[in-house]
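A.B. asks: sequence first, predicted coordinates after that:
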Amino acid sequence: MSSVPAVAALDWGTTRLRAWLIDGSGKVLAERRGDDGLITAREKGFSNVLEGHLAAMGAPDTLPVIICGMAGSRQGWIEAPYVTVPAPLSAILGGAARVADQKRDIRIVPGLAQRLTDAPDVMRGEETQLAGAGLPAKGRHLACMPGTHSKWVLVEDGAVAGFGTWPTGELFSVLAAHSILKHSLGEHPAAVTADSPFFRQWCERALGEGGDVTSKLFAIRAAGLLQDLKSEDAAACLSGLLIGGEIASAKRRFGAGDAPVVLIASGALAMLYQAALDLAGLAFRTVDADEAVRAGLIEAARENGMIARTGA
């Protein structure tokens, strides 16, 4: 096993950055995490932020770098053009765009575009998680990647056939801070756990009515006024309602299928979606999101010839 880095891999989002040094076998040699996402990098300079993290990890000056996420957006370092679906996962990773005029080889994985007239959609970053999730090469598979903008992706025989976005995390934040519900949830909404009876009850309500969420929102406020619903329980109600609504809607759009849903998530969010998928009667298997994005970046480095394919 080598201790010499072969490539640096970065998941560079809007507000956060994660970086790893990887050897030729895919082993992680060093890791860095920071708050200098796209917003900060636009002020400091992407190259300056990148080189600062690489220097802190002791990366050689010529070490190649593979990046996924919002660094490749129109507001990012360079715009890595979208790949239109349907498209094979290997072709998506292999289309990484090179950043010009840098002392090292730096490439950014493209995002995906769904150019349907009635369902336009885009993603950037999640495609790399998907590629690292270990999906079987054959068959029909449905992946759920929860977050600020949750993605549900249909993969058929190793190619992304289509996807949809449910902005569940963003809706929670907006409703909690800028709607009448802020009086119910309080200034700092409580953390929600998967064993909360309120989370489960309101999730089941959304699932039972096919994802009808809007007609239930004001009931959270009313329950506080009429039934003494506490603020911490109101947060669980809203979370359960929105996640249940997302799952019901995605289930209606993509169908259940024969294979279990591949839930790509980590931490508390993974536990909430596991509970909700169970309530929905959907079989699932969980893939850690951190491990998936790292594995996807390593595969992208291989597809772009930055490190050798193992066993090749």
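C.D. replies: Structure's in. What do you need?
A.B. asks: please tell me I have it right and residue 7 contacts residue 67.
C.D. replies: No - look at residue 7 against residue 67 with Cβ atoms under 8 Å: they stay out of range, at 10.8 Å. In this view, the C-beta of every residue, glycine as well, is placed from N, C-alpha and C.
A.B. asks: between the two, tell me which one has more neighbours.
C.D. replies: Per other Cβ atoms under 10 Å, whichever of residue 7 and residue 67 has more neighbours is residue 67, with 31 against 25.
A.B. asks: need the three-state assignment for that one.
C.D. replies: strand (DSSP: H, G, I helix; E, B strand; the rest coil).
A.B. asks: is residue 286 in contact with residue 270, as I believe?
C.D. replies: Yes - look at residue 286 against residue 270 with Cβ under 8 Å: they come within range, at 5.9 Å.
A.B. asks: what touches both of those two?
C.D. replies: Residues touching both residue 286 and residue 270 (Cβ atoms under 8 Å, 6 or more residues apart in numbering): residue 263.
A.B. asks: what about the strands in the stretch 51-200 of the chain?
C.D. replies: Using DSSP state E, counting those that start in this stretch, the strands assigned to the stretch 51-200 of the chain run over residues 65-69, 83-84, 87-88, 97-98, 106-108, 112-114, 121-123, 140-145, 150-156, 159-166.
A.B. asks: just the ones you listed: most buried one?
C.D. replies: Mean neighbours per residue, mean count of other Cβ atoms under 10 Å, is largest over these for strand 65-69, with a mean of 28.
A.B. asks: where do the helices sit along the stretch 201-312 of the chain?
C.D. replies: Under the criterion DSSP state H, counting those that start in this stretch, helices of the stretch 201-312 of the chain are mapped to 214-226, 231-254, 267-279, 289-303.
A.B. asks: the longest one - what's its average pLDDT?
C.D. replies: The predicted model assigns helix 231-254 a mean pLDDT of 96.
A.B. asks: that helix to strand 159-166, inter-axis angle?
C.D. replies: 140 degrees (axes from the mean of the first three to the mean of the last three Cα atoms, to 10 degrees).
A.B. asks: list the buried residues for helix 231-254?
C.D. replies: 233-251, 254 (16 or more other Cβ atoms under 10 Å).
A.B. asks: please apply the same query to stretch 183-195.
C.D. replies: Neighbour-count burial for stretch 183-195 [16+ other Cβ under 10 Å]: 184-185, 189-190, 192, 194.
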